[in-house]
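Novice: Sequence and computational prediction follow.
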Amino acid sequence: MAIRENSLIDMDAERRGPSRGRFSRNGDSRVSPERLAAGLGWFSIGLGLAAVLAPAKLTRAIGLKGRGVSQVAARMVGVRELAAGIGILVEPRPVRWVWSRVVGDVMDLALLTAGFTGRRVRRGRLALATGAVAGVTAVDAVCAQQLTALTRVSAGSPDGRFVHARKRITINRPAEALYRFWRDFSNLPRFMRHLESVQPLGERRSHWRVKVPGGIALQWDVEMTEERPNELIAWRSLEGSPVQHSGTVRFESAPGGRGTVVTAEMEYRPPGGAVTAAAAKLIGMAPEQQLQEDLRRFKQLMETGQVVVSVAAPSGAGPRGGAR
């Protein structure tokens, strides 16, 4: 669901206070993000207690017949759910805790998907469980997005540290060609795996859409802040965006005339702050890892005209067409 739609909150309902528990958008009556978060908190506690106290029953219910490892994993999930549930219910506006649920959902989806490779598996039950977790993930993501927007409207950006990544690579192409390709931001999804689309909004502005595991979509507007033809391009997200993001790419001649050294730097504040950033590293989604892979695909695309994708590449990470 588009974050720009989800974050349009009726300020009149907000001034009436969370006790009313609802806000209006385009004439619709919906549950407030605070009330939705409270419901998710109690859901976390219930699920956490079931996983900690009866891991065997829980694993059998979702179609996993094995013991030992699966039950240990269930207990770990239970502890995480209890922590998230308590955090959500204790904090008045638990932005970080709801985002931690989103990250946990992504981990759960990965575990359930891996379960299909086992021998002692009831695939029908496991498929139902996976679908249920995907649905909960969508609800968690919507709630987290709405709480993030509401927090920024009423009290500025939520606390959290910026994550910085810097990588470089040498590409056997002239700087002019690389600059011209990158300067058209609509080309970025062709080698940036997690960037789903970029739509131009004018000469210096564009709308970015990112899809992360679990089918969650984040989107924001970006403006180009600086450009030096064939040397540098810099951009940043607009004020009030759900993701605070900025980036710079530099093009320099490689020694000995062996192509161009491309140096890319990215900085962003992840929704949910340090909790989300730490969890991203655990599941292989750290910014420095992504940036290095993106530059490798950029090199392939510019040197060969296509991105070579291994058989084990995630769905949706396939080649996006040749270089122009």
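Specialist: Right, received. Where do you want to start? Numbering: from 1, shown residues only.
Novice: what number of residues lie near E288?
Specialist: If you count neighbours by other C-beta atoms under 10 Å, E288 ends up with 14. For glycine as for every other residue, the C-beta is placed from the backbone atoms N, C-alpha and C.
Novice: Specify the beta-bridge partners of the nearest residue to it once chain neighbours are set aside.
Specialist: Leaving aside its chain neighbours, E288 sits nearest to A165 (4.2 Å; criterion: C-beta to C-beta, 6 or more residues apart in numbering). Beta-bridge partners of A165, counted by DSSP bridges, are M266.
Novice: Can you tell me how far G240 is from F251?
Specialist: As judged by C-beta to C-beta, to the nearest Å, G240 and F251 stand 31 Å apart.
Novice: Neighbour count for those two, which is higher?
Specialist: F251 (23 against 13).
Novice: That one: which element?
Specialist: Secondary structure from DSSP states H and E places F251 in strand 244-253.
Novice: Note down every partner strand of that strand and its orientation.
Specialist: For strand 244-253, pairing defined by DSSP bridges yields strand 232-237 (antiparallel), strand 260-269 (antiparallel).
Novice: Can I get those strands in TSV including mean neighbour count, distance to R122 and mean pLDDT?
Specialist: Listed next are the strands paired with strand 244-253 as TSV, based on neighbours: other C-beta atoms under 10 Å; distance: least, C-beta to C-beta, whole Å; pLDDT from 0 to 100:
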stretch	mean neighbour count	distance to R122	mean pLDDT
strand 232-237	18	45	94
strand 260-269	19	41	88
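Novice: and G115, which of these is closest to it?
Specialist: strand 260-269 (32.2 Å; C-beta to C-beta).
Novice: thinking again about what came up before, V139 is nearest to which of the strands paired with strand 244-253?
Specialist: Using C-beta to C-beta, the nearest of the strands paired with strand 244-253 to V139 is strand 260-269, at 23.5 Å.
Novice: mind checking how far the closest one is from the chain centre?
Specialist: 19 Å (C-alpha atoms, centre = their mean, to the nearest Å).
Novice: if we can go back for a sec, what about the residue nearest to E288, neighbour count?
Specialist: A165, neighbours per other C-beta under 10 Å, totals 17.
Novice: Where does pLDDT dip in the stretch 201-324 of the chain?
Specialist: Applying pLDDT under 70 to the stretch 201-324 of the chain picks out residues 212-216, 269-286, 308-324.
Novice: so where do the helices sit in it?
Specialist: 274-282, 287-304 (DSSP state H, counting those that start in this stretch).
Novice: tell me the domain boundaries of this protein?
Specialist: The record's domain parsing of the chain by automatic domain parsing lists 3-155, 163-304.
Novice: What separation do you get for the residue sitting furthest away from the middle of the chain and T170?
Specialist: Distance from the C-alpha centroid of the chain peaks at G256, with 40.0 Å (C-alpha atoms, centre = their mean). Using C-beta to C-beta, G256 is found at 11 Å from T170.
Novice: ditto for H207
Specialist: 32 Å.
Novice: try V210
Specialist: On the measure of C-beta to C-beta, V210 and T170 end up 27 Å apart.
Novice: For this structure, which segments count as strands?
Specialist: With strands called from DSSP state E, the chain shows them at 22-25, 28-31, 163-171, 195-200, 205-212, 216-228, 232-237, 244-253, 260-269.
Novice: Now tabulate those in a markdown table and tack on distance to T130.
Specialist: Converted to a markdown table, the strands of the chain look like this (distance: least, C-beta to C-beta, whole Å):
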| stretch | distance to T130 |
| --- | --- |
| strand 22-25 | 31 |
| strand 28-31 | 25 |
| strand 163-171 | 29 |
| strand 195-200 | 22 |
| strand 205-212 | 17 |
| strand 216-228 | 15 |
| strand 232-237 | 33 |
| strand 244-253 | 31 |
| strand 260-269 | 29 |
